[in-house]
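Asks: could you look at this predicted model? Sequence included:
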Amino acid sequence: MPIKLLDGFPAKQIIEKEDIFAIQDERAAHQDIRPLKLLVLNLMPNKIDTEIQLLRLISQTPLQIDVEFLKITGHVHKNTSLHHLSKFYLEFSQVKDQCYDALIITGAPIETLAFEEVNYWQELQEIMDWSQTNVTSTLHICWGAQASLYHHYQIEKIRYSKKLFGVYSQETLGNPRLLRGFDDIFYCPQSRYTGIDEQKLSECPLTVLARSEEIGATIIASENYRNIFVLGHFEYDTLSLENEYTRDKAKGLDTLPPANYYSKSSHGQVKNNWRAHANLLYHNWLNDVYQFTPYELEDIKQEKWTIT
């Protein structure tokens, strides 16, 4: 939440330069407050697990968040009951005339497919285009981030020789408001067969907020923060990677044990070292949305934002 300070307070000028939210007396006296409206496009196979993971993070903000879930219509969902989907999920035709403060596009375990080979690619492109006029800010996760970078900026994905799988350290670059409060070094789970073309990324009007020497750029933002790209899974539970490793082995895949995951000092147990930063990332993002989204949602369209 923003802080209110008297004009002329010595620290005010300094924190404003650091992009910390402070509001003027007049705005504070007339500030209207309403719930933020958030839409989640859930592309993960086990949708209930992902719902729980994301809702845990979303719920940590002091803001009231009205959450709705969106499903792809041109795809057969095999891992979640049709009853659950029909009762709790909307179709794009039901939301395309609405506006939202925030949108989350999740990952999907289909990195090895070319984007154009994904059977719902056309519908996803329509949703991503819609988000640029009807949503204040969109957070893209893992494959969802790669898909959006490709669609909006033509940044190709790069196939790895083996699965990037484990928990990797990353470094914040500068002091971006999305990562305010982060340690200089932090950790995030990774589970993907592909990365992005870093040379092409450097040529686009995008800002890298965090990077790993080992795996490259990990958190990226458009210059107006309308699009946030997270190449990792902050939302993962403590045992998510272990459960995924077990599934991969059962399928006969040659996946190696997740790197930097099992604690050597705790007899191979898993110690979660990303939970605090996960909560902070979502807290910062939703607070950021709260500061800039218009009170009347329809005014989002009038802003005429472009991807910059």
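Replies: Cool, the structure landed. This is a predicted model, so every value here is computed, not measured. Residues are numbered from 1 along each chain as shown.

Asks: what about the nearest residue to Lys271 once chain neighbours are set aside, distance to Trp274?
Replies: With sequence-adjacent residues excluded and distances taken as Cβ to Cβ, 6 or more residues apart in numbering, Lys271 is closest to Ser263, at 4.6 Å. For every residue, glycine as well, the C-beta is placed using N, CA and C. Distance from Ser263 to Trp274, counting by Cβ to Cβ, to the nearest Å: 14 Å.

Asks: picking that back up, list the contacts for the residue nearest to Lys271?
Replies: Gln269, Val270, Lys271 (Cβ atoms under 8 Å, 6 or more residues apart in numbering).

Asks: can you redo those residues as a markdown table with distance to Ile33?
Replies: Putting these into a markdown table (distance: Cβ to Cβ, whole Å) gives the following:
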| residue | distance to Ile33 |
| --- | --- |
| Gln269 | 43 |
| Val270 | 40 |
| Lys271 | 39 |
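
Asks: nearest to Leu253, of those residues?
Replies: The shortest approach to Leu253 among the contacts of Ser263 belongs to Val270, at 20.4 Å (Cβ to Cβ).

Asks: that closest one against Asn243, yeah?
Replies: No: contact criterion Cβ atoms under 8 Å: Val270 and Asn243 do not qualify, at 10.8 Å.

Asks: which one's more surrounded, the two?
Replies: Val270 (17 against 13; other Cβ atoms under 10 Å).

Asks: check the spacing between the more buried one and Asn279 real quick.
Replies: 18 Å.

Asks: likewise for Asn287?
Replies: 12 Å.

Asks: now stretch 235-244 - C-alpha only, PDB.
Replies: Taking C-alpha atoms only, stretch 235-244 is exported to PDB below (Å, rounded to 0.1, in the frame of the first residue of the first chain):
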ATOM      1  CA  GLU A 235       4.500 -20.800  -7.200                       C
ATOM      2  CA  TYR A 236       5.900 -24.400  -6.800                       C
ATOM      3  CA  ASP A 237       5.400 -26.100  -3.500                       C
ATOM      4  CA  THR A 238       8.300 -27.600  -1.600                       C
ATOM      5  CA  LEU A 239       7.800 -31.000  -3.100                       C
ATOM      6  CA  SER A 240       6.700 -30.000  -6.600                       C
ATOM      7  CA  LEU A 241      10.100 -30.800  -8.200                       C
ATOM      8  CA  GLU A 242      10.300 -34.100  -6.300                       C
ATOM      9  CA  ASN A 243       6.900 -35.200  -7.500                       C
ATOM     10  CA  GLU A 244       7.700 -34.200 -11.100                       C
END
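
Asks: let me know the secondary structure of Pro189.
Replies: strand (DSSP: H, G, I helix; E, B strand; the rest coil).

Asks: beta partners of it?
Replies: Taking DSSP bridges as the rule, Pro189 bridges to Val167.

Asks: list the contacts of it.
Replies: Contacts of Pro189 (Cβ under 8 Å, 6+ apart): Gly166, Val167, Gly232, His233, Phe234, Tyr236, Ser240, Leu241, Pro258, Trp274.

Asks: cool, and Ala108?
Replies: Ala108 touches Leu43, Met44, Pro45, Trp143, Gly144, counting by Cβ under 8 Å, 6+ apart.

Asks: whichever of those residues end up buried, select them in ChimeraX.
Replies: Here is the ChimeraX selection string for the buried members of those, based on 16 or more other Cβ atoms under 10 Å:
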select :43,44,143,144
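
Asks: so which of the contacts of Ala108 comes closest to Glu111?
Replies: When the contacts of Ala108 are compared against Glu111 (criterion: Cβ to Cβ), the nearest one is Trp143, at 5.5 Å.

Asks: so the closest residue to that closest one other than its chain neighbours versus Asp254, what's the distance?
Replies: Of all residues not flanking Trp143 in the chain, Gly107 sits nearest, at 4.2 Å (Cβ to Cβ, 6+ apart). Applying Cβ to Cβ, the value for Gly107 to Asp254 is 21 Å.
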